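Asks: need a 3D model of the following:
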Amino acid sequence: MKLVIIFGPHAVGKMTIGQELATKTGLKLFHNHMTIDLLSNFFEFGDPGFKRLNGLFRREIFEEVSKGDSEGLIFTYMWALDQQSDWEYVHEIMNLFKERDADVYLVELEADFDARIERNKTPNRLENKPTKRNVEKSEKTFRYLEDKYRLNSYEGEIKYENYIKINNTNLEPNEVAKLIVEKFTF
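Replies: Numbering: from 1, shown residues only. Down below sits the predicted model:
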């Protein structure tokens, strides 16, 4: 079993590259917005009920997948690297899978700001993430999060054997997925 966590800032291509990687590896994709978009039908983002259920749903999915006999899971996440709670959350997920003898891989994506602003409007993104369809609101959130959090690591900050950082500003998603497959010999 494998757990691949793809992380990086808003509209860097986490889900799209996750889709490509899932096709190449047979791993299931659990992108961040699968629970966010479900819960946004009932709660405002950040409300206590939203936070509680989002954490609960994800935890239960991780539990069941890690106990199952699938090839594994690709999870996408916007990791605020300047927030200790996000570090703890990522390590909690990693440890859950490691305790069940899964191999864990971290893939960090980075891309230029202007490229990400354009990716924020792509048809695949809008099709798969209903809460991003209001592009004006999505871009406002994008800029807010960009200013509020540090969403890419410093050089040498992620000290994990199964880790790769890829600048995908000028790479197609299938090229990035291929780099990941080659790096980790999937």
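
Asks: so what's the residue count around the residue lying closest to Ala115 once chain neighbours are set aside?
Replies: Once flanking residues are discounted, Ala115 sits nearest to Thr169: 4.9 Å by CB to CB, 6 or more residues apart in numbering. For every residue, glycine as well, the C-beta is placed using N, CA and C. For Thr169, the count of nearby residues is 15 (other CB atoms under 10 Å).

Asks: got it, and Asn167?
Replies: 16.

Asks: go on, Met94?
Replies: 18.

Asks: got the phi and psi for it?
Replies: phi -60, psi -50 (degrees, to the nearest 10).

Asks: the residue nearest to Ala115 against Phe113, yeah?
Replies: No: Thr169 is not in contact with Phe113 according to CB atoms under 8 Å; the separation is 9.7 Å.

Asks: how near is Leu53 to Arg59?
Replies: Going from Leu53 to Arg59 by CB to CB, to the nearest Å gives 10 Å.

Asks: tell me which of the two has more neighbours.
Replies: Set side by side, Leu53 and Arg59 show more neighbours around Leu53, with 16 against 13, by other CB under 10 Å.

Asks: leaving out sequence neighbours, find the closest residue to that one.
Replies: Leu39 (5.7 Å).

Asks: about what we covered before: if I pick the residue nearest to Ala115, what's in contact with it?
Replies: Counting by CB atoms under 8 Å, 6 or more residues apart in numbering, Thr169 touches Glu110, Ala111, Asp112, Ala115.

Asks: redo that, cut-off 7 Å
Replies: Ala111, Asp112, Ala115 (CB atoms under 7 Å, 6 or more residues apart in numbering).

Asks: where does this structure dip in pLDDT?
Replies: Counting by pLDDT under 70, the chain contains no low-confidence segment.

Asks: how about the strands in it?
Replies: 2-7, 28-30, 72-77, 103-110, 163-167 (DSSP state E).

Asks: and the nearest residue to Asp103 once chain neighbours are set aside, how far is that from Glu44?
Replies: Leaving aside its sequence neighbours, Asp103 sits nearest to Lys2 (CB to CB, 6+ apart; 5.1 Å). Going from Lys2 to Glu44 by CB to CB gives 35 Å.
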